[in-house]
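*Asks:* Next comes the sequence, and after it the predicted model I'd like to discuss.
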Amino acid sequence: MVTIPSLLRWLLPALLLAWGAHDLSAQNGEQGPSADQRATALRRVAAMPTRTFQGIAAKLRLGVDTALAWRQLDTMLARPTGDMFWLYPAAGMYFYCRDLMTDAWRDRFRQTLRLYTPYRGDTENHFLMYYGSLLLFSQEWPGLPGEAWFNGKSSRENYAEAKEYLEQWIDTSARQGITEWDSPRYLYYYVTPLLTLSDFTADTLLRRRLEMTLEMQLADYAAEYLDGSYCGAHARDGDNSVIDPRNSEANSYAQFYFEDSLGFVLHDLAFAAMSRFSCPEIIRCIAHDRGKMFEHLEMKRSRAKMRYAPELHTAVRKYDYMTPDYCMGSMDGGLQQPIQQHSWGVTFASRRPNNTIFGLHPQSSAEELGTFFPEEPELMAATITQSKASYASDTKWVGGSPYERLFQYRSTLIAVYDIPEKTSAPHVDLFLPKTLDTIIRDAGGWTICRMEGAFVGIRFLGRATPEWIEEERNWRLRSNDLHTRYIVECGSAREMTFEEFVAALTAIRPADHIQSTEDEIHYIGRNGDMQVRLNAAGGENAMIVRDAPANDPIQGSRGNLFLGPHLKSRIGSGVLEMRCGGMTRTLDFVHGTIRE
């Protein structure tokens, strides 16, 4: 078994070589993961029984089971499958273990990329994996003609195309935001290729900007991180992680970079363990700075809309109210991402499973698929369950709806649904986990619950009377009213006792404090006097908070990519400012510089 000193003997020269290759000299304040944590991650991945490039790399770098590793590599190169999901770990294994391979093995990679054509994919993370790998391999073999590559393009052409895409993507991400934003699943497939690119890209300026993009991804995650959970709205969530936020792929990287922990190890941590990259201390600080309540706002972009929409990308406004005990986070609603959108949720700062409450309209339609995918909509609707089994189910827990509108101010959320009669799901569902400490089903019209130090109250308005459906892990609250409206209020034991929270909500009398019509909701609650106007003049729905302070962040959020105590960036500026614990760090993508 490898020892920590022996691993350091390999890591230290690699780190020094990597740092000497560019001028990011002001790295004071960076720490972790430690050499011990890196070695443990490698050992854990090396011991995994599945044959993967990551496991092969871990075995070879540690010098354990090397005969098995070389046999596995032979198989992986002889029978490539998985397209860009094969390509990005192949690139990682090649470059992190290039010094351990003979010329014959390196030539095997080159011949495989002549014979095997990996599909480029059709999403943002696919393109990053594909073009990132193509850039590194074409950089490795710069003089090859088109017949030496699977796509018939020369090394020079492949490199130019990959670099053009990566430069454009970095600029757009830094100025306008990515389209697969804040994904508990797919963040994993952004971080890993960015690690390999930031270590091995030869172009100094491009490498610097790629590393800055990696920092931006982790800082974006850290701002919405609460003790192992990725809070708020997500462009792409999973059937399991939406119910159990701590059980997401992204949490593997959170533990590695934010927590000095290895409770949840996935294969790609092998590359993170071998990478020179360390998470800046300021980002780790942002992930843990939860001593007081704060508001955090972001602007993102929808997935590209190919049909049924007047513009290619729709602006997506996100809002989080973060506290030490819970986070309530949401987006404006509407359909901004196909199949896997998660529009709002309350996430508890608890290590219990299923530590979240959320709601959705579980619809599915050919029009949704046709909005975001190029294939024939009706054909997609007939075959979608072959790849996304839960999509057409009206009991699913992940998905967006064009009939959903959400309005949040601090710890109050108002949800509005206006559903046509002919739809795949003529109802609205809410998820209440069975891991809650307390559920009071009817407290003066409210359903009120508690998980440790956080409290949540839910009140349906108008004719909506929720049906309680018991499932294995949760209670499903279902409203069959096509014009469902409900209010969600949160509180904390740091503010009041649970009994006081119950009393405060039950004291809100509907006649005086809640007025609801199809076009307007007027609610006077714990966070003030709120009026939601639907179908407002100009076509934009609006929420007015009459007693909100003039300097409240929500009032001036429209021009900001990020706005909160930790992250600030104006849309279009290409500059991200980080602040935490007396530290500052500014990523300037326009000039390719980092200032501290």
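*Replies:* Perfect, thanks for sending it.
*Asks:* mean confidence score for the longest helix seen in the chain?
*Replies:* Identified as the longest helix of the chain according to DSSP state H is helix 155-176. The pLDDT scores in helix 155-176 average 98.
*Asks:* do stretch 383-391 as well
*Replies:* Summarised as a single mean, pLDDT over stretch 383-391 is 88.
*Asks:* still on that earlier bit, beyond the longest helix of the chain, next helix or strand please.
*Replies:* helix 188-200 (DSSP states H and E).
*Asks:* any idea of the angle that following helix forms with helix 155-176?
*Replies:* 120 degrees (axes from the mean of the first three to the mean of the last three CA atoms, to 10 degrees).
*Asks:* Show me what the next helix or strand after helix 188-200 is packed against.
*Replies:* On the C-terminal side of helix 188-200, the closest following helix or strand by DSSP H and E is helix 204-223. Secondary-structure packing of helix 204-223 (3 or more CB pairs under 8 Å, 6 or more residues apart in numbering; DSSP states H and E): helix 155-176, helix 188-200, helix 250-254, helix 281-288, strand 294-301, strand 567-570, strand 575-580, strand 583-588. (Glycine included, C-beta is placed from N, CA and C.)
*Asks:* mind listing what's buried in helix 204-223?
*Replies:* For helix 204-223, burial by neighbour count (16 or more other CB atoms under 10 Å) applies to 206-223.
*Asks:* same deal with stretch 436-453?
*Replies:* Neighbour-count burial for stretch 436-453, counted by 16+ other CB under 10 Å, picks out Leu436, Ile440, Gly445, Trp446, Thr447, Ile448, Cys449, Arg450, Met451, Glu452, Gly453.
*Asks:* do the same with stretch 287-307
*Replies:* Buried positions in stretch 287-307, judged by neighbour count with 16+ other CB under 10 Å: 287, 289-290, 293-305.
*Asks:* mind exporting it as CSV, just the C-alpha atoms?
*Replies:* Provided in CSV are the C-alpha atoms of stretch 287-307 (Å, rounded to 0.1, in the frame of the first residue of the first chain):
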residue,chain,number,x,y,z
ALA,A,287,-19.8,27.4,2.0
HIS,A,288,-19.8,27.6,5.8
ASP,A,289,-20.6,31.2,6.6
ARG,A,290,-24.1,30.5,8.0
GLY,A,291,-24.0,32.4,11.3
LYS,A,292,-26.8,34.7,10.3
MET,A,293,-29.7,35.0,7.8
PHE,A,294,-29.1,36.5,4.4
GLU,A,295,-30.6,36.9,0.9
HIS,A,296,-28.8,35.7,-2.2
LEU,A,297,-29.9,36.4,-5.7
GLU,A,298,-28.7,35.0,-9.1
MET,A,299,-29.7,35.4,-12.7
LYS,A,300,-29.3,32.4,-15.0
ARG,A,301,-30.4,31.5,-18.5
SER,A,302,-32.9,28.9,-19.6
ARG,A,303,-31.9,26.0,-21.8
ALA,A,304,-32.0,27.0,-25.5
LYS,A,305,-35.6,27.1,-26.7
MET,A,306,-35.9,25.8,-30.2
ARG,A,307,-39.7,26.1,-30.7
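*Asks:* tell me the average confidence for that stretch?
*Replies:* For stretch 287-307, the mean per-residue pLDDT is 96.
*Asks:* Then stretch 493-512?
*Replies:* In this model, stretch 493-512 has a mean pLDDT of 94.
*Asks:* picking up where we left off before, nearest to Ile56 among the buried residues of stretch 287-307?
*Replies:* Set against Ile56, the nearest of these by CB to CB is Ala287 (31.4 Å).
*Asks:* per-residue confidence at the nearest residue to the closest one once chain neighbours are set aside?
*Replies:* Using CB to CB, 6 or more residues apart in numbering and skipping the chain neighbours, the partner closest in space to Ala287 is Ala222 (3.8 Å). The model reports Ala222 with a pLDDT of 98.
*Asks:* Ala222 contacts Glu281, correct?
*Replies:* No - counting by CB atoms under 8 Å, Ala222 sits too far from Glu281 to count as a contact (11.4 Å).
*Asks:* Reformat the buried residues of stretch 436-453 as a markdown table; add pLDDT.
*Replies:* Below are the buried residues of stretch 436-453 laid out as a markdown table (pLDDT from 0 to 100):
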| residue | pLDDT |
| --- | --- |
| Leu436 | 98 |
| Ile440 | 97 |
| Gly445 | 92 |
| Trp446 | 96 |
| Thr447 | 97 |
| Ile448 | 98 |
| Cys449 | 98 |
| Arg450 | 98 |
| Met451 | 98 |
| Glu452 | 98 |
| Gly453 | 97 |
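*Asks:* Which of the residues you listed sits closest to Arg463?
*Replies:* Taking CB to CB as the measure, Arg463 sits nearest to Gly445 out of these, at 12.9 Å.
*Asks:* quick one: contacts for the closest one?
*Replies:* Counting by CB atoms under 8 Å, 6 or more residues apart in numbering, Gly445 makes contact with Arg459, Thr506, Pro510.
*Asks:* Number of residues surrounding Ala270?
*Replies:* Neighbours of Ala270 under the rule other CB atoms under 10 Å: 33.
*Asks:* How about the contacts made by it?
*Replies:* Ala41, Leu42, Val45, Ala46, Gln54, Gly55, Ala57, Ala58, Arg61, Gly92.
*Asks:* Surely it forms part of a helix?
*Replies:* Yes - Ala270 forms part of a helix when assessed by DSSP: H, G, I helix; E, B strand; the rest coil.
*Asks:* how close does it get to Ser330?
*Replies:* As judged by CB to CB, to the nearest Å, Ala270 and Ser330 stand 36 Å apart.
*Asks:* How about Asn240?
*Replies:* Plainly put, Asn240 is 21 Å away from Ser330 if you go by CB to CB.
*Asks:* neighbour count winner among these two?
*Replies:* Each of Asn240 and Ser330 has its neighbours counted (other CB under 10 Å); Ser330 has more, 25 against 14.
*Asks:* Got phi/psi on the closest residue to Arg208 other than its chain neighbours?
*Replies:* Excluding its sequence neighbours, the residue lying closest to Arg208 (CB to CB, 6+ apart) is Gly592, at 5.2 Å. Geometry field for Gly592 lists phi and psi as phi 70, psi 40, criterion degrees, to the nearest 10.
*Asks:* can you list the domains in this structure?
*Replies:* For the chain, the structural domains run 4-20+31-288, 294-565, going by automatic domain parsing.
*Asks:* just so I know, which of those domains lies nearest Thr586?
*Replies:* Thr586 sits nearest to domain 4-20+31-288 of all the domains of the chain, at 10.1 Å, using CB to CB.
*Asks:* pLDDT weak spots in the stretch 251-400 of the chain?
*Replies:* Applying pLDDT under 70 to the stretch 251-400 of the chain flags no residue at all.
*Asks:* ranges for the helices of it?
*Replies:* Taking DSSP state H, counting those that start in this stretch, the helices of the stretch 251-400 of the chain run over residues 269-274, 281-288, 366-372, 377-383.
*Asks:* got the CA coordinates for the first one in CSV?
*Replies:* By that I understand helix 269-274. Extracted C-alpha coordinates of helix 269-274, given in CSV (Å, rounded to 0.1, in the frame of the first residue of the first chain):
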residue,chain,number,x,y,z
LEU,A,269,-12.4,12.1,-7.2
ALA,A,270,-9.4,10.2,-8.5
PHE,A,271,-8.7,13.0,-10.9
ALA,A,272,-9.4,15.7,-8.2
ALA,A,273,-7.0,13.9,-5.9
MET,A,274,-4.3,13.9,-8.6
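*Asks:* Give me the distance from that helix to the chain's centre.
*Replies:* 20 Å (CA atoms, centre = their mean, to the nearest Å).
*Asks:* cool, stretch 223-242 as well?
*Replies:* Once both centres are worked out by CA atoms, centre = their mean, stretch 223-242 turns out to sit 6 Å from its chain's centre.
*Asks:* Return the set of buried residues in that stretch.
*Replies:* 223-239, 241-242.
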